[in-house]
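K.L.:
Sequence and computational prediction follow.
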Amino acid sequence: MSEFRDEVSIVLGGAAGQGIQTVEGILTYALKRSGYHVYANKEYMSRVRGGINTTEIRVSSRRVRAFVRRIDILVPFKQGVLSWVVDRIGKNTVVLGERENVEESFLGKVNLVEVPPTKLALETGSQLYLNTTVAGLIVGLFHGDFGAVEEYIGKRFGDKGEKVVQKNIEAARKGYELGVKLHSDGTIKVEIKRDEKVKEEILLSGTEAVGIGALAGGMNFLSFYPMSPSTGVSTFAAQKAEEFRIIVEQVEDEISAINMALGAWFAGARAMVSTSGGGFALTSEALSLAGMAENPIVIHLAQRPGPATGLPTRTMQGDLNLVLYAGHGDFPRIVLAPGSMEEAFYLTAEAFNLADRYQVPVIILTDQYFVDTYYNLPKPDVGRVKFERYIVEAKPGYRRYELTEDGISPRAVPGYGEEVVIANGNEHDEWGDITEDAELTKLMQEKRAVRKLETIRRNAPLPRLIGSKDAKYLVVSWGSALHAVEEALEKLNRNDVALLHFSWVYPLNPETKRFFEGKTVIAVENNITGQFADLLRKELGVEVHRRVLKYDGRPFSVEEVFDALKGVIE
Amino acid sequence: MNLPTGREAFEPRRPGSEDVAWCPGCGNFGIRNILISALAELGLRPSQVAIISGIGQAAKMPHYINANGYHTLHGRAIPIATGVKAANPELTVIAEGGDGDMYAEGGNHLLHAIRRNPDITVLIHDNRIYGLTKGQASPTTMVGMKTPTQPWGVFEEPFNPVALAVAMNASFVARTFMGYFRESVEIIKKAIQHRGLAIVDILHPCVSFNRVNTYAWYREHTYWMDDHDPHDREAAFRRAIETDPLPLGIFYINERPTFEESVPAYRTDKRPLWKREPKLDLVEEFFESKRL
Ligand SMILES: Cc1ncc(C[n+]2csc(CCOP(=O)(O)OP(=O)(O)O)c2C)c(N)n1
Ligand code: SF4
């Protein structure tokens, strides 16, 4: 007898190649369609077959967007899963599945609800239907909308023919009936209120949010070299290339990727490079060129733990310093780090306007946890996306690097106007020709590295304050840590603790300083040193009093943040 | 305002373009003349041309010609030029640099540009030495030549760009010596007009650091291929591996689809990318599909 109210955290675990994604896909879709809020995130090993991968799916009566350590229902697809997640199993955890998927040492110790999905799949005709059977079983526990399961299967397996669709639906139904039975005989009682509005919401992953944000921002050129966990965005763009009439090219290395994108921007395209820390490291030479030539560029960097190849499929917020300081010499840049799917969409779109306007590198920092997370949300308002171009016509007398008050020279593109455009990675005069003149060098350095930076800084948006501005404690988060911290604070439920979240990470508007006055500041970061906390000191002279850091390659769970904050707050 | 036309149009009138950094007597002056003539004779206007260069003495070209230009990084002219052409196929795009630039630091990009086949012209000022950094061996320096950094004499096999390009089935491969003005203009015109990646290795003396490959040496050690069919790849390869005398002319022409022709961006829409706006209706459609 197990009962779950308001919310349940389901974890599916198995080997790479066992098709857990199929179960995840059916479940999240069907449960959302049934009116439940859903959240999903996976963690996986850096191998193509075998190993142990898990997916967490939270199903709730209210919006859920963060990872929890707690497992309510664990569905193992092979032995080894329980050992892998042993520290997440509690006395209320139900292990749902077949006895042979549970290690000897756990038998008798865990709350095992034995069900025979393999047998049901074989009755349907093949072991192949195991995944759909399990998906049906779980939807059944919720008395979910079976029509949604059928619909999903129809879409997903449609191109494999009517027979495959029918067989999978049959398998799912067998599972579903079993699930309903477990519910009604009280073996596993799941009672979660439904919300009609959820049905019409969309499901969106971090990868998709960045990808579609880029397209909304007018991205029409993407060059990349594959590297986890950034490749998803390139794949997304490639899949959309025909429809959107854009260029997506897999090139020989990251050096080529960024240089090609710089060339494209020079000629007026809106280009993006999607990479990870190791790839970004290779691009720093060209980043510096972008700085000197004032060539716009947008780079998406999906972080994974480093140094070097680190943990290829795991997560960390460890590349902030890399993007802040990569490249030689002084030049401004903008660093954005979305914390939610909405932010990922709007910020990525805006990144292209910013690059165009300020003619600097704009870096969008996500991480493995973020790009692999998805949940339901109201459809973003596409009308809010503004397309702002800052291109001028090259009229006779045009000077690419005209010295201006705000540090921003009018940018023309070749072929628009009769005059020519000369860009240069060497120090240059106003026309773009090489100079070694001491006075001009000073003026150009000041224009780029001081005046332009000041303009960007002045216009930078302020961070988002969640909670009271009079709170005694101020918790600071940036990027993907947002939801875990937000939910932990909700649980903490104290009005003397507020959250200050940064999605615009650099440069910081000096006004930001006022949020910190008289507060005890606690930074929550997924890295070992507290890179953002250091940045706050450097940029604003703000002292962070406590750092809550996690650096085992895993994301923060709500419980971890909650426990850590309780430890800090009196 | 009446802008000049013909050769005159390509003479820069910017203040910084007067201080030419090339050594007196250098072959780069000849290449500049050749390039200006080729552009003018093709009837192009400066605003229609984009010269993307790397780093080195050769790569200073954009400052001494009136055309759109981007003086970039050592070895990176080719990917940047590829991006420029992809973003705006209406431009005539030329990537320019030295032998160190294109064959050493930029070697990998050259290989993959041959595969990708953007419609750009790659001009390599091949002086068989590093000029700007003052006389180190380059990938094309001849075996035995002594330099300050190879005092024992170069022993590495010289890079053979022509053989390499033919072996990789490049779209257009030629070699010329800048001392032959008229012939060089014609070759470069053909290279620019060619649809696809055109590689022209331009032999030129470096009067400051290369005392072996002088004007006289190039005249003595080169010949024009008068009886060669550039569509015959095997014949092209046989010519390409001749080392002394070095054949001059167009080695190989191979018509195949260009990068810009192959990407979906221009299939139904011919406008350069800077004239386009985001397709927000498709973004909206995407979100609708995520309701499923
Ligand atoms: C990344 C990088 N490495 C090294 C250099 C230094 N460097 C400048 S020019 C040059 C070689 C130039 O030789 P080449 O390309 O043959 O051109 P040339 O000057 O002979 O025309 C080198 C190594 C540089 N600018 N950038
Ligand atoms: S160093 Fe050599 S190649 Fe460079 S300008 Fe002088 S002579 Fe010409």
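P.N.:
The structure has been received and is ready for your questions. Ligands and ions are numbered 1, 2, ... in the order given.

K.L.:
got the CA positions of stretch B:145-164 in CSV?
P.N.:
Taking C-alpha atoms only, stretch B:145-164 is exported to CSV below (Å, rounded to 0.1, in the frame of the first residue of the first chain):
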residue,chain,number,x,y,z
MET,B,145,67.7,26.2,-48.1
LYS,B,146,69.3,27.6,-45.0
THR,B,147,67.4,30.1,-42.9
PRO,B,148,67.9,31.7,-39.4
THR,B,149,65.6,29.1,-37.9
GLN,B,150,66.7,26.2,-40.1
PRO,B,151,70.5,26.8,-40.1
TRP,B,152,71.2,23.2,-41.0
GLY,B,153,69.1,23.6,-44.1
VAL,B,154,65.4,22.6,-44.6
PHE,B,155,64.9,18.8,-44.9
GLU,B,156,61.2,18.6,-45.0
GLU,B,157,59.5,17.6,-48.2
PRO,B,158,58.0,20.8,-49.7
PHE,B,159,54.2,21.0,-49.8
ASN,B,160,52.9,20.5,-53.4
PRO,B,161,49.6,22.5,-53.4
VAL,B,162,48.8,21.8,-57.0
ALA,B,163,49.2,18.0,-56.7
LEU,B,164,47.3,18.1,-53.4
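
K.L.:
Report the closest residue of the stretch 251-400 of chain A relative to ligand 1.
P.N.:
Using CB to the nearest ligand atom, the single residue of the stretch 251-400 of chain A nearest to ligand 1 is residue A:285, 6.5 Å away. Yep, even glycine has a C-beta here, placed from its N, CA and C like the rest.

K.L.:
correction: the stretch 101-250 of chain B
P.N.:
Counting by CB to the nearest ligand atom, the stretch 101-250 of chain B gets nearest to ligand 1 through residue B:131 (3.0 Å).

K.L.:
Spatially nearest residue to that residue, not counting backbone neighbours?
P.N.:
Nearest residue to residue B:131 in three dimensions, chain neighbours excluded: residue B:57, at 4.1 Å (CB to CB, 6 or more residues apart in numbering or on different chains).

K.L.:
quick one: contacts for that neighbour?
P.N.:
B:21-22, B:26, B:28, B:98, B:125, B:131-132 (CB atoms under 8 Å, 6 or more residues apart in numbering or on different chains).

K.L.:
Count the neighbours of residue 281 for me.
P.N.:
Because you didn't say which chain, this covers chain A. Close neighbours of residue A:281, defined as other CB atoms under 10 Å in any protein chain shown, add up to 16.

K.L.:
you looked at the wrong chain, it should be chain B
P.N.:
The number of residues packed near residue B:281 is 9, by other CB under 10 Å.

K.L.:
Quick check on the residue nearest to residue B:131: phi, psi?
P.N.:
Main-chain torsions, residue B:57, degrees, to the nearest 10: phi -60, psi -40.

K.L.:
Now do the longest helix anywhere in chain A, average pLDDT.
P.N.:
Identified as the longest helix of chain A according to DSSP state H is helix A:162-184. Averaged across helix A:162-184, pLDDT comes to 96.

K.L.:
got the residues of chain B near ligand 1?
P.N.:
Residues of chain B lying near ligand 1 by CB under 6 Å from any ligand atom: B:55-58, B:74, B:97-101, B:125, B:127, B:129-133, B:138.

K.L.:
Now intersect those with the helices, please.
P.N.:
Among the residues of chain B next to ligand 1, the ones falling in helices (DSSP H) are residue B:99.

K.L.:
Which of the residues of chain B next to ligand 1 are buried, as a PyMOL select command?
P.N.:
Typed into PyMOL, the line below selects the buried ones among the residues of chain B next to ligand 1, using 16 or more other CB atoms under 10 Å in any protein chain shown:
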select buried, chain B and resi 55+56+57+58+74+97+98+99+100+101+125+127+129+130+131+132+138
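
K.L.:
and the residue nearest to the spatial centre of chain A, helix, strand or coil?
P.N.:
By CA atoms, centre = their mean, the mean C-alpha position of chain A lies nearest to residue A:370, the distance being 2.6 Å. State at residue A:370, reduced to three classes by DSSP: H, G, I helix; E, B strand; the rest coil: helix.

K.L.:
how near is it to residue A:505?
P.N.:
Separation of residue A:370 from residue A:505 (CB to CB, to the nearest Å): 14 Å.

K.L.:
got a list of what the residue in chain A positioned nearest to ligand 2 touches?
P.N.:
In chain A, the residue that lies nearest ligand 2 is residue A:434 (13.8 Å; CB to the nearest ligand atom). Residues near residue A:434 by CB under 8 Å, 6+ apart: A:424, A:426-428, B:16, B:21, B:60, B:63, B:71.

K.L.:
Just the closest of those residues to ligand 1, please.
P.N.:
Nearest to ligand 1 among those is residue B:60, at 8.3 Å by CB to the nearest ligand atom.

K.L.:
could you measure the residue nearest to that closest one when sequence neighbours are not counted against residue B:161, distance?
P.N.:
Spatially, and ignoring its direct neighbours in sequence, residue B:60 is nearest to residue B:21 (5.8 Å; CB to CB, 6+ apart). As for residue B:21, its distance to residue B:161 is 25 Å (criterion: CB to CB).

K.L.:
In terms of neighbours, single out the busier of these two.
P.N.:
Remark: of residue B:21 and residue B:161, residue B:161 carries more neighbours, 25 against 13, as counted by other CB under 10 Å.

K.L.:
Not counting residues beside it along the chain, what's closest to the more buried one?
P.N.:
Nearest to residue B:161 is residue B:201, by CB to CB, 6+ apart, at 5.1 Å.

K.L.:
still on that earlier bit, so the residue of the stretch 101-250 of chain B closest to ligand 1 makes contact with residue B:98?
P.N.:
Yes. Using CB atoms under 8 Å, residue B:131 is in contact with residue B:98, at 6.6 Å.

K.L.:
between those two, what contacts are shared?
P.N.:
With CB under 8 Å, 6+ apart, residue B:131 and residue B:98 have common neighbours B:56-58.

K.L.:
Specify which member of those is nearest to residue A:565.
P.N.:
residue B:56 (57.4 Å; CB to CB).

K.L.:
quick one: residue B:162 and residue B:175 touch, right?
P.N.:
Yes. Using CB under 8 Å, residue B:162 makes contact with residue B:175 at a distance of 5.6 Å.

K.L.:
Quick check: neighbours shared by those two?
P.N.:
Taking CB under 8 Å, 6+ apart as the contact rule, residue B:162 and residue B:175 both touch B:201, B:251.

K.L.:
Any idea how many residues pack against residue B:227?
P.N.:
The number of residues packed near residue B:227 is 6, by other CB under 10 Å.

K.L.:
name the element it belongs to?
P.N.:
Taking DSSP states H and E as the definition, one finds residue B:227 inside no helix or strand.

K.L.:
still on that earlier bit, secondary structure element holding the residue nearest to residue B:161?
P.N.:
Residue B:201 is located in strand B:198-203, with elements delineated by DSSP H and E.

K.L.:
Which strands border that strand, and is each parallel or antiparallel?
P.N.:
Looking at strand B:198-203 with DSSP bridges, its partner strands are strand B:121-126 (parallel), strand B:172-177 (parallel).

K.L.:
For that strand, C-alpha coordinates in PDB please.
P.N.:
Extracted C-alpha coordinates of strand B:198-203, given in PDB (Å, rounded to 0.1, in the frame of the first residue of the first chain):
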ATOM      1  CA  ALA B 198      39.500  28.200 -57.500                       C
ATOM      2  CA  ILE B 199      43.000  27.900 -56.200                       C
ATOM      3  CA  VAL B 200      45.800  29.900 -57.800                       C
ATOM      4  CA  ASP B 201      49.300  29.400 -56.500                       C
ATOM      5  CA  ILE B 202      51.100  32.600 -57.500                       C
ATOM      6  CA  LEU B 203      54.900  32.200 -57.500                       C
END
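
K.L.:
Leaving out sequence neighbours, find the closest residue to residue A:144.
P.N.:
residue A:34 (4.1 Å).

K.L.:
Surely that neighbour touches residue A:138?
P.N.:
No. With contact defined as CB under 8 Å, residue A:34 does not reach residue A:138; the gap is 11.4 Å.

K.L.:
Show me which of these two is the more surrounded one.
P.N.:
Neighbour tally, residue A:34 and residue A:138, criterion other CB under 10 Å: the higher count belongs to residue A:138, 27 against 22.
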